[in-house]
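# Kindly return the folded structure for what I paste below:
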Amino acid sequence: MTRMSKIVRYILFIGLVVGAGTLSGLSSGPGTSNGPINWYLSLEKPFFNPPAWIFGPVWTVLYILIGIAGARIWERARKSAAMKLWFAQLVLNLLWSPAFFGLHNPELGLVVIAGMLVTIIGFMIKARPIDRVSMLLFIPYLAWVAFASLLNLSIALMN
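Down below sits the predicted model:
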């Protein structure tokens, strides 16, 4: 494998994750023109709800880390359970915003995010023997999704 093909692979993986995440957020996130912002603003939220501006930068960094981890596993074991779990967590990640914001359904969002947690942990377990760095790259993602799960649960219970 040439250095150029490795760079291209990383760019493709990062681009896929950042691009898909951005499209998911723009199509059904709280700031879309179809009204979810008004719905979301009307919800009761817990005291630990972060300011809205924090989500974009946090998710951008996490998407980059997710993309790097995916590229690393792909180059080492593309047919592995770790790679399958990487794709599964990405699909669930992309479904959360439409479930929560698009359908105005925090309970469905909670089901999706629970699946995300399971696949993230599964990926980390399966990735560790293949590439420890990939597993470590998922630690901030796991922490954020665990926090987001608590936030999602709180919103579901408060509303």
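# Residue 6 is in contact with residue 72, isn't it?
No - here residue 6 does not reach residue 72: they are 10.0 Å apart, not a contact under CB atoms under 8 Å. Just so you know, the C-beta spots here come from the backbone N, C-alpha and C atoms, and that holds for glycine as well.
# The two - which one has more neighbours?
A count of neighbours by other CB atoms under 10 Å puts residue 72 above the other of residue 6 and residue 72, at 23 against 12.
# Which residue is the nearest non-sequential neighbour of that one?
residue 134 (4.6 Å; CB to CB, 6 or more residues apart in numbering).
# for the helix or strand harbouring the one you found, packing partners?
Assessed by DSSP states H and E, residue 134 sits inside helix 132-137. Here helix 132-137 touches helix 55-77, helix 106-127, going by 3 or more CB pairs under 8 Å, 6 or more residues apart in numbering; DSSP states H and E.
# so the last one versus helix 55-77, what angle?
What separates the directions of helix 106-127 and helix 55-77 is an angle of 40 degrees, with axes from the mean of the first three to the mean of the last three CA atoms, to 10 degrees.
# Which helix or strand contains residue 47?
Counting by DSSP H and E, residue 47 is part of no helix or strand.
# And for it, the neighbour number?
Residue 47: 5 neighbours (other CB under 10 Å).
# pLDDT wise, what is residue 34 at?
Listed pLDDT for residue 34 reads 51.
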